[in-house]
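Q: Here you go, sequence then predicted model.
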Amino acid sequence: MSLSPDHFTAALLPRPKQLTARPGHFHPRHQIHINSKHSLDPRVQNARQRWCKSANLQPTAQSADTKMRITISEKNHTPDESYRLEIKPNQLLISAPTPQGQHHALQTLTQLATTFPFPWPCMTIEDALDLPLRGLSFDVTRGRVPKMSTLKSLVDRLASWKINHLQLYIEHAFDFRFDPDIARDCDGLTHEDITELKQYCRERFITLTPSLACFGHMGRILSLPQYRHLAEIPADKDWESQNWVTRLKGLTLNARHPDARKLVQRMLDEFLPLFDAPFVNIGGDETHDLGQGANREFCEAKGRGRLYVDHLKFLANCCREHGKRMMFWGDVIRSFPEMLREIPEDAVMLDWGYEPDSTFPAVSHPARAGRDVVVCPGTRGWNRLINDLPGAEQNLENATRAAAQHRASGIIITDWGDHGHFNLPACSLPAIAQAAAKAWNNQPNPSPCEPRTSVRADAKNHNEPQKNAATPYLTLAIERHVFGGAPAGTFDALRNAAASAGHQLQTWPALYTTDPSNEHAADFTRRSPESVLATAENALSYVERMPDAWSRDAWSIGCHAMTLLAAKHTSPADFRRRADDFWIRYTAAWLTRYRPKRLHDLEKAMRNTCQ
């Protein structure tokens with residue numbers, strides 16, 4: 001029995017704007033005749049080949065029963081990335097004003113081919129974006145540097161979800177040729193890595209955008225002996241001797257020191273020519289030491305805002321020299337609203353907020369004065385055993401609402417790696433997929449799928465039903481396109497595991513901290529370890545059946561970390577036994593997809609807590 005078009009709408013991610021049922025069914029044989037009215041962009045041709053492979057069809061220039069035709073349509077005031085896809089009894093017709101739109105149509109077809117067998121019901125899909133910039137900022141600097149194969153796998157997923165912007169966040173994890181000490185023993189990305197990944201992204205219509213900390217968060221660089229004098233407040237220890245809290249805070253550049261500006265200029269001059277993106281993210285967030293050390297007297301006379309904005313102007317000029325517009329994180333300038341009008345008009349403010357109740361004030365600030373602003377929610381995975389899925393959903397809901405109400409230029413969801421990057425990035429894929437879905441199409445969801453109840457974990461009854469905050473459409477789409485066709489209920493089980501304990505309990509420091517009087521242990525005493533264990537084991541029963549290996553390995557480790565935490569507070573002997581097995585599993589997963597050198601930071605923490 002064939003499925004209705006409504007089932008196809010619910011299974012696509014993002015959900016298309018409009019799908020209309022047509023009579024008949026599309027049931028191709030082994031070959032499909034390819035023709036196009038116009039010459040196609042090579043990237044579209046390659047995407048077409050990948051679709052044929054996913055559908056198990058052999059493309060041919062000869063006559064065949066089934067045909068595919070891709071054409072360039074007149075724009076007619078439609079968005080550049082829009083497309084029209086017609087599925088007819090013996091024919092597929094793709095019409096789009098740009099190669100990007102054609103590529104998006106082929107991504108839609110690929111999702112259909114990997115989800116449903118033939119025959120398909122005939123239908124017409126008309127689709128267009130809501131936000132022009134739909135991106136991900138991905139931390140590769142806090143210890144976990146991905147292998148190239150991992151980055152390419154991520155890019156493939158982003159392209160499938162119609163994301164068009166990727167930043168790899170770097171503080172020091174780039175192999176600068178002018179000074180190899182910057183990334184020494186950090187497995188930094190190389191010139192060749194960036195060039196290869198840029199081409200891979202370009203092939204999939206994703207813009208790889210440079211992201212380099214040039215003001216705050218320069219802790220490792222400014223801890224090196226040759227640059228220590230360039231910090232606002234110099235480091236009192238070398239990088240390897242600093243704890244994670246100190247590393248996370250980082251060091252702030254002495255923005256008025258001539259040699260500090262020369263250092264930043266030299267970094268940008270080497271880094272930026274590797275990219276052809278129109279933007280560059282220079283950071284500028286969390287400049288904790290701003291005006292507190294070398295520039296204290298200057299700031300007492302002229303204000304910390306003057307010091308901050310003058311350096312941003314310098315960085316904006318550096319970006320223009322390379323033909324790029326500056327992006328910067330918007331948290332610091334919020335403290336100096338009177339200075340906002342001095343920010344260069346071509347700069348793009350990244351208005352970040354990662355809490356469930358974040359409101360993204362910069363996008364609605366009167367002093368924005370027409371400047372481009374991008375809202376930036378978070379995956380809420382960093383520093384945690386497993387991602388806070390419910391919190392990330394609410395954070396994203398607020399972000400998309402603010403973006404729509406105040407005409408933001410786009411959304412960039414962020415994924416960080418605080419405290420050694422214990423968290424596994426694959427656990428952030430559901431939040432990234434939800435951001436992609438809402439950035440493309442944030443219309444109310446008319447999904448025909450019935451809502452499912454989920455299981456709540458609390459001290460009384462971990463099997464009591466609760467309403468799922470995620471829409472039924474997104475729940476189904478994530479299980480299909482993130483988890484690879486996982487059993488129904490998988491996403492709900494993971495949400496419940498994430499919600500089964502308080503924030504302090506679920507953090508990575510709660511696992512490695514040994515002081516029983518700390519806030520993590522105190523929080524645990526107010527909760528039931530049996531409840532945490534029950535929800536984690538329930539989630540594991542679903543996770544083990546995930547077809548997608550990357551997600552399965554990551555969520556399995558996260559859930560095992562929760563069972564390990566429960567054992568830590570109930571049976572120290574059992575904890576030590578479980579910890580050895582856990583670390584073997586964790587190490588294997590890390591070494592499969594990430595570069596090895598900074599794994600020892602996490603290993604040291606685990607060994608300390610097991611003693």
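A: Cool, got the structure.

Q: Was I right to think Glu196 contacts Met148?
A: Yes: assessed by Cβ atoms under 8 Å, Glu196 is found in contact with Met148 at 6.5 Å. For the C-beta atoms, the positions are set from N, CA and C on the backbone; glycine is no exception.

Q: Arg407: neighbour count?
A: Residues near Arg407, counting by other Cβ atoms under 10 Å, number 12.

Q: Make sure I have this right: it is in a helix.
A: No: checked against DSSP: H, G, I helix; E, B strand; the rest coil, Arg407 lies outside a helix; its state is coil.

Q: which residues of the stretch 51-200 of the chain score low on pLDDT?
A: Across the stretch 51-200 of the chain, the ranges flagged by pLDDT under 70 are 63-65, 72-79.

Q: how's the chain carved up into domains?
A: With domains defined by automatic domain parsing, the chain comprises 5-127, 133-425, 453-610.

Q: Let me have these in TSV, extended by distance to Ala435.
A: Below are the domains of the chain laid out as TSV (distance: least, Cβ to Cβ, whole Å):
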stretch	distance to Ala435
domain 5-127	10
domain 133-425	4
domain 453-610	11
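
Q: Least reliable of the ones you listed by average pLDDT, please.
A: Ranked by mean pLDDT, those end with domain 453-610 at the bottom, a mean of 79.

Q: still on that earlier bit, right, so of the domains of the chain, which gets closest to Ala436?
A: When these are compared by Cβ to Cβ, domain 133-425 sits nearest Ala436, at 3.7 Å.

Q: Compute the first-to-last residue distance for that closest one.
A: End-to-end distance for domain 133-425: 22 Å, by Cα to Cα, to the nearest Å.

Q: Just checking the distance from that domain to the centre of its chain.
A: 14 Å (Cα atoms, centre = their mean, to the nearest Å).

Q: again with stretch 556-575
A: 28 Å.

Q: Quick check: Gln167 is in a helix.
A: No: according to three-state DSSP, Gln167 belongs to no helix; its state is strand.

Q: Go ahead and confirm it touches Leu136.
A: Yes: Gln167 lies in contact with Leu136 (Cβ under 8 Å); the separation is 7.1 Å.

Q: Quick check: neighbours shared by those two?
A: Residues touching both Gln167 and Leu136 (Cβ atoms under 8 Å, 6 or more residues apart in numbering) are Ile412.

Q: number of nearby residues for Arg320?
A: Arg320: 13 neighbours (other Cβ under 10 Å).

Q: now what about the helix or strand encompassing it, what contacts it?
A: Per DSSP states H and E: Arg320 is located in helix 304-321. Residues from elsewhere that reach helix 304-321 (Cβ under 8 Å, 6+ apart): 214-215, 253, 255-256, 261, 264-265, 268, 272, 280, 282, 284, 287, 290-291, 295, 298-299, 325-326, 328, 332-333, 335-336, 338-339, 342-344, 346-347.

Q: Sort out which residues of the helix or strand following that helix are buried, please.
A: Using DSSP H and E, the helix or strand that follows helix 304-321 in sequence is strand 325-329. By neighbour count with 16 or more other Cβ atoms under 10 Å, strand 325-329 contains the buried residues 325-329.

Q: Let's have these in CSV, adding distance to Leu154.
A: Converted to CSV, the buried residues of strand 325-329 look like this (distance: Cβ to Cβ, whole Å):
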residue, distance to Leu154
Arg325, 25
Met326, 25
Met327, 21
Phe328, 25
Trp329, 22
